[in-house]
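*Asks:* Show me the folded form of this:
(one chain, ligands or ions: 1)
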Amino acid sequence: MQAPLNPPSESDTAVADGAAHRIRIVLVGTQHPGNIGSAARAIKTMGLHRLVLVAPQKFPHAEADAMAAGADDVLAGAARFDTLAEAVSDCRLVLGCTARSRRVQLRELRPRAAAASAHAQARAGGEVALVFGRERTGLDNAELQLCHAAVHIQANPDYSSLNLAAAVQVLSYELRLALLGEDTAVPEAIAPGNPDAVPHAALEGFFAQLADTLEAIDFHKGRAPDSAMRKLRRLFVRTGLDEKEVRLLRGILADAQRMARLAGERGAD
Ligand code: SAH
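*Replies:* Here you go, the predicted model:
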């Protein structure tokens, strides 16, 4: 039997079996059925599966199916309600996503804090809802009043309204990180903040010369050069080379190339 391409990791299994089951994504009054399909796809890619539709304008719809692209199980399993109050009646935490910051007298959370709160509540056994509004008008005030806190993605303040499914994707991704127990507080920076780092083209010039030099000194001895070059690239990218260092290394390579040429000429004599 062939092993599955992506065997679930331990933490993935925990996600599937645990808190994710208690988190629902609620779309209120969605106007474009394509957005419902895209949202289904967005949540499935992030290991969530509970979609709830409150008074969608057109559903079921061929555009929803087309945009779901393989997340049709999520669409088929979507629960439907006439009002938001009914859709969240059993929830212990209800978070309302708003495109405009500070529109309501609600506590406002950033997506990461919202995901951490959702995860904590779901892990403790409580049902959680993340609520998204209509494309044109968002959530109305009465609907926002049903939420325990508002969530705002810190977008460009002059153009802060994301496409509905894109907003669902951002929140679902944050939920996934929280569910997987990722420590999002510690960024994995590469070559952290080096203001003197060389431009991409200069680094590529160095790598090209390095590849030529390895060839000239017969480093690979008949083996394919790709693996060594990949490792060397990783090594040098990690160090965050500056201009002077690149110049020094290229000087060394130039000498090595010259020596190889001389050796070659001598061998030919
Ligand atoms: N014109 C509407 C925008 C609706 S966009 C308005 O101003 O409210 C559709 C839904 O996507 C919103 O109701 C919200 O749930 C979500 N959304 C879009 N941009 C968002 C953002 N920057 N932060 C949080 N949610 C957002």
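*Asks:* how about residue 86, what does it touch?
*Replies:* residue 54 (CB atoms under 8 Å, 6 or more residues apart in numbering). Every residue, glycine included, has its C-beta placed from N, CA and C.
*Asks:* and it, helix, strand or coil?
*Replies:* Secondary structure, DSSP: H, G, I helix; E, B strand; the rest coil: residue 86 is helix.
*Asks:* can you tell me how far it sits from the ligand?
*Replies:* If you measure residue 86 against the ligand using CB to the nearest ligand atom, to the nearest Å, the figure is 19 Å.
*Asks:* Pull out the buried residues from the longest helix along the chain.
*Replies:* Using DSSP state H, we find that the single longest helix of the chain is helix 243-268. By 16 or more other CB atoms under 10 Å, the buried positions in helix 243-268 come out as 246, 250, 253, 256, 257, 260.
*Asks:* I'd say the fourth one and residue 218 touch.
*Replies:* No: contact between residue 256 and residue 218 fails when scored by CB atoms under 8 Å: they sit 11.6 Å apart.
*Asks:* circling back to that earlier point, so which of the buried residues of helix 243-268 would you say is closest to residue 156?
*Replies:* Of all the buried residues of helix 243-268, residue 246 has the smallest distance to residue 156: 35.7 Å, by CB to CB.
*Asks:* what's near enough to touch the closest one?
*Replies:* Contacts of residue 246 (CB under 8 Å, 6+ apart): 198, 202, 203, 206.
*Asks:* which SS state does the last one fall under?
*Replies:* For residue 206, the reduced secondary structure class is helix; criterion used: three-state DSSP.
*Asks:* ok so, going back, mind putting the contacts of residue 246 into a markdown table with distance to the ligand, secondary structure and neighbour count?
*Replies:* Shown next, in a markdown table, are the contacts of residue 246 (distance: CB to the nearest ligand atom, whole Å; DSSP: H, G, I helix; E, B strand; the rest coil; neighbours: other CB atoms under 10 Å):
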| residue | distance to the ligand | secondary structure | neighbour count |
| --- | --- | --- | --- |
| 198 | 36 | coil | 19 |
| 202 | 38 | helix | 16 |
| 203 | 36 | helix | 16 |
| 206 | 41 | helix | 19 |
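*Asks:* Columns pLDDT on top of the residues you listed, output as TSV?
*Replies:* Below are these laid out as TSV (pLDDT from 0 to 100):
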residue	pLDDT
198	83
202	87
203	86
206	93
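*Asks:* Just name the closest of those residues to residue 75, please.
*Replies:* Nearest to residue 75 among the contacts of residue 246, with distances taken as CB to CB, is residue 203, at 45.8 Å.
*Asks:* Spatially central residue for the protein, please.
*Replies:* residue 173 (5.6 Å; CA atoms, centre = their mean).
*Asks:* In three-state terms, label that one for me.
*Replies:* Following three-state DSSP, we place residue 173 in the helix state.
*Asks:* Tell me the confidence at it?
*Replies:* Here, the pLDDT recorded for residue 173 equals 98.
*Asks:* how close does it sit to the ligand?
*Replies:* Taking CB to the nearest ligand atom, one finds residue 173 at 13 Å from the ligand.
*Asks:* Tell me which residues touch that residue, please.
*Replies:* Residue 173 sits in contact with residue 46, where contact means CB under 8 Å, 6+ apart.
*Asks:* Please apply the same query to residue 215.
*Replies:* Applying CB under 8 Å, 6+ apart, the residues near residue 215 are residue 225.
*Asks:* Can you tell me the element it falls in?
*Replies:* Residue 215 is part of helix 200-216 when elements are defined by DSSP states H and E.
*Asks:* hang on, the earlier thing: closest to the ligand among the buried residues of helix 243-268?
*Replies:* residue 246 (41.0 Å; CB to the nearest ligand atom).
*Asks:* residues near residue 149, how many?
*Replies:* 16 (other CB atoms under 10 Å).
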